[in-house]
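[1] no sequence on this one, just coordinates:
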């Protein structure tokens, strides 16, 4: 996911975030997550300056509300970024890259994820570094003054310098300084770092290691490298394959069987839902139960931390605790290197290999997908690590799917969301991202949460007591859904010969004796897909009693393709010789199966896809959709081509999908008619001609993306109104009572909002996990259609789906409930209820009505907190970011002020009107 957009929302006009990368700031034993953004400022008198902006962040940074500016490092003449490595650590191609930033007295060490995105980041930083031409004026960085603290200077005066070390200034975003609000402890202290010698001997003689680092602990930890960022970026940024090399690579893939052989390696795959607990016992009974040491460990956890801080933010100390426990529990007969750690809230995945295999691991990438409420929260979802082991591509996925027996459709949807949204960048930036399915071997583990249905609790327990697992398995939801090809199609699971792994009384082997008395279930599973895979064991581990789940393990022998170097060279020579005969071939040309595309009745947040085929002629070619003159992208925001670029061998073909999806960003202008479903795509062939594709269609206006006051003047359903009326009402400026301008008979609040809130009030007032558990996408589409047609009597959906639809409705408002103009006033009076009420009273009437209506509803929910388990803090966190949004284009406020926004909502939840 591109997190630079979140940073862009925090910048002033005239500043642009070129690229952002998520890394880990290393200070002694401390590990703190940081988002690094390279920001460009264009000077009015010509030229440009750059600075590195460092942010703390909540979860994956999607909007400006998810980040808080921590410090700024100007990219000045004394700015350097050197690759470093830690003493005693083993190099693995594809593991995290460590770089050291030096500027004046500041010295920081970061770990960055290996991969194509880091490569591009390093390249852009290298380009941004000022040259050493004495004729070029020194950067002044006057534009950074707006980010300085505006509060009183400390006594005695100690002005915050451009490059003060972190923590030396007051608690605010500082130039070169500042204090983090959240300690996102990371456990990459054993991270495997790139050996500078692996990048060749091209280093200029005048690039010597920097000495006398300002922090003694960094001096102890880091040994300097002779490779600076500019050299590393040059190496990393070179396109790995030009046209000729791309052809060679494609032919090598076709002839892979000619130069590889299959060799078995032992993989340990384990999953453990730890129920928010810290390690209380050694993990050797789970991780080291076999006599032979595995070659590869894939270890996954769920519910690492159940605290509200971990849910709404990204930090948790549990990561370090469980990482240490795993490292100490690995098989004692071998030495292991950690390849990668990836975590999304409570879902964590660790990958280790034996040290002797490290040199054969490459192309490591890790990604996360949250499937929680509104597709953002990471309490449910998946994390994955993909890598190349010898010549075999492997993807390991750890997922935690939706809970509760009746929610099997939601689990199916979570699985499909993870498969469709999990994408890995490739080393060659010209190639499209890899999906999970594009791997030779897929290992899928986790708390999949499928339950046993149609049997009462006692019958289930009796069958377990009799060890009649085969009969019990017949009622397993995962088995049923796989048989119906609704989920995990093509995957295999071994025979279940162990008793269900959920739910136990913590600290014992006794089944759940709580009030809910959950029925036992095989929630924790391991599945696989691919060739040359033999499962040697599949079992639970009853000895571990920390959690209400039991850990599960599966051991595999996996046949990996290993390269025979002599046969490889011979195959390569044959390919090159045949390629030489094609060097003078003609200009490439292709045929397209379709050039005109009409998308009919496009709806809000409902994907439409049309495809066409590019068929190549006799000449290898590269294709790409290119920008039209004076346009920033090759297509409009609601459209996407997948893949948007690629390579074709002679007589080959590829299918391109055009995906049309309208969201909150694009809906308002489509409602108003300012934009239409019309576009022209330009498909360009390298060394060939351009092809033009026409896209047209019609959008069905929706209440989603419509302003509050517009909906209040729509007494009829939006789809019953003429398009011209919708256009006029959508473009109508926001009115206040003082304007003296009123149309006839407006509603007090949007009827669509009333429909959703009334439905929840009637049906979900005691619903557990309301506003925290996502609904079904198919049900959202039904809810949207009911609202847009006014057919509320046909509304039939789960409480969670209606609750999520309400949040999506508030998120889609082009002007939030609390108008942008009053945002700062709200922050200033967040500790004073009387003053806060006064600010609300200044809102336009319709916005004031909506705010009061929502607060009244949320207070009713809190009256039933004993049943629905909601509290003021949860609701203030969820609704604070939706009702109070930072004004577009304004500088981002820091984390303390974001907390004030939540405190503002909190006042109204705890006080009577």
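    Arrived safely. Just so it is clear, the structure is predicted and the values come from calculations on it, not from any experiment.
[2] Quick check: the gap between residue 631 and residue 678.
    Here the criterion is CB to CB, to the nearest Å. By it, residue 631 lies 14 Å from residue 678. Heads up, the C-betas are built off the backbone N, CA and C, glycines and all.
[3] pLDDT averaged over stretch 389-407 - what is it?
    Stretch 389-407 comes out with an average pLDDT of 94.
[4] how long is it end to end?
    37 Å (CA to CA, to the nearest Å).
[5] in it, what counts as buried?
    389-403, 407 (16 or more other CB atoms under 10 Å).
[6] Now do the helices in the stretch 301-450 of the chain.
    Applying DSSP state H, counting those that start in this stretch to the stretch 301-450 of the chain gives helices spanning 308-312, 318-329, 408-421.
[7] distance between the ends of stretch 672-686?
    39 Å.
[8] I'd like the mean pLDDT over it, please.
    Mean predicted confidence for stretch 672-686 is 94.
[9] in it, what's buried?
    672, 673, 675, 677, 679, 681, 682, 683, 684, 685.
[10] Next: stretch 638-658.
    638-641, 643-648, 654, 656, 658.
[11] One more: stretch 537-546?
    Those would be 538, 539, 540, 541, 544, 545, 546, for stretch 537-546 by 16+ other CB under 10 Å.
[12] need the next SSE after the host helix or strand of the first one, C-terminal direction.
    Read it as residue 538. Using DSSP states H and E, residue 538 sits within strand 533-540. Using DSSP H and E, the helix or strand that directly follows strand 533-540 along the chain is strand 552-563.
[13] what pairs with residue 386 across the strands?
    residue 365, residue 395 (DSSP bridges).
[14] unless I'm mixing things up, it is touching residue 438, no?
    No: using CB atoms under 8 Å, residue 386 makes no contact with residue 438, being 9.1 Å away.
[15] who's more crowded, those two?
    Using other CB atoms under 10 Å as the criterion, residue 386 and residue 438 rank with residue 386 on top: 25 against 15.
[16] Which pLDDT value goes with the more buried one?
    pLDDT, read off for residue 386, is 96.
[17] tell me which residues form a beta bridge with residue 36?
    residue 21, residue 54.
[18] what's around it, how many residues?
    Neighbour tally, residue 36, other CB under 10 Å: 23.
[19] Check the gap between it and residue 423 for me.
    21 Å.
[20] who touches the closest residue to residue 857 other than its chain neighbours in this structure?
    Nearest non-adjacent residue to residue 857, counting by CB to CB, 6 or more residues apart in numbering: residue 757, 5.2 Å away. Residues counted as contacts of residue 757 (CB atoms under 8 Å, 6 or more residues apart in numbering) are 806, 853, 854, 857.
[21] got a winner among these for most neighbours?
    Highest count within the contacts of residue 757 by other CB under 10 Å belongs to residue 806, 23 neighbours.
[22] I figured that one hits residue 756, correct?
    Yes: the pair residue 806 / residue 756 is scored as a contact, 4.6 Å apart, by CB under 8 Å.
[23] anything in contact with each of those two?
    Joint contacts of residue 806 and residue 756 (CB under 8 Å, 6+ apart) do not exist.
[24] where's the closest residue to residue 522 other than its chain neighbours relative to residue 455, distance?
    Nearest residue to residue 522, sequence neighbours excluded (CB to CB, 6+ apart): residue 500, at 4.9 Å. The gap separating residue 500 from residue 455 is 12 Å, by CB to CB.
[25] Could you do residue 290 as well?
    34 Å.
[26] Equivalent analysis for residue 757, please.
    38 Å.
[27] What of residue 385?
    Taking CB to CB, one finds residue 385 at 37 Å from residue 455.
[28] ok so, going back, shouldn't the residue nearest to residue 857 be within a helix?
    Yes: judged by DSSP: H, G, I helix; E, B strand; the rest coil, residue 757 forms part of a helix.
[29] More neighbours: residue 500 and residue 455, which one.
    Using other CB under 10 Å as the criterion, residue 500 and residue 455 rank with residue 500 on top: 26 against 16.
[30] roughly how far is the host helix or strand of residue 81 from the heart of the chain?
    For residue 81, the host element (DSSP H and E) is strand 80-83. For strand 80-83, the gap between its own C-alpha mean and the chain's C-alpha mean amounts to 27 Å (CA atoms, centre = their mean, to the nearest Å).
[31] where do the helices sit along the stretch 1-150 of the chain?
    4-8, 116-128.
[32] name the helices or strands packed onto the last one?
    Spelled out, it's helix 116-128. Where contact means 3 or more CB pairs under 8 Å, 6 or more residues apart in numbering; DSSP states H and E, helix 116-128 is packed against strand 15-27, strand 30-42, helix 229-237.
[33] Include mean pLDDT and distance to residue 703 when you put the ones you listed into a markdown table, please.
    Below are these laid out as a markdown table (pLDDT from 0 to 100; distance: least, CB to CB, whole Å):
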| stretch | mean pLDDT | distance to residue 703 |
| --- | --- | --- |
| strand 15-27 | 88 | 33 |
| strand 30-42 | 88 | 34 |
| helix 229-237 | 31 | 46 |
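[34] And these: which comes nearest residue 366?
    strand 15-27 (10.7 Å; CB to CB).
[35] tell me the angle the closest one makes with helix 116-128.
    110 degrees (axes from the mean of the first three to the mean of the last three CA atoms, to 10 degrees).
[36] buried sites along strand 15-27?
    15, 17, 18, 19, 20, 21, 22, 23, 24, 25, 26, 27.
[37] do stretch 470-490 as well
    Buried, per 16+ other CB under 10 Å, within stretch 470-490: 472, 473, 475, 476, 477, 478, 479, 480, 481, 482, 487, 488.
[38] quick one: the fifth one from residue 578, how far?
    Distance check for residue 477 against residue 578: by CB to CB, it reads 53 Å.
[39] ok, and for the lengthiest helix in the chain, which residues are buried?
    With secondary structure taken from DSSP state H, the chain has its longest helix at helix 845-863. Counting neighbours by 16+ other CB under 10 Å, one finds that the buried residues in helix 845-863 are 846-855, 857-859, 861.
[40] thinking again about what came up before, could you list which of the buried residues of stretch 638-658 belong to strands?
    639, 640, 641, 645, 646, 647, 648, 654, 656, 658 (DSSP state E).
[41] The third one contacts residue 624, correct?
    No: the pair formed by residue 641 and residue 624 falls short of the contact definition of CB under 8 Å, at 9.7 Å.
[42] Check the gap between the nearest residue in space to residue 781 that is not next to it in sequence and residue 661 for me.
    What sits nearest to residue 781 in space, not counting adjacent residues and going by CB to CB, 6+ apart, is residue 606, at 5.7 Å. Distance of residue 606 to residue 661, computed by CB to CB: 8 Å.
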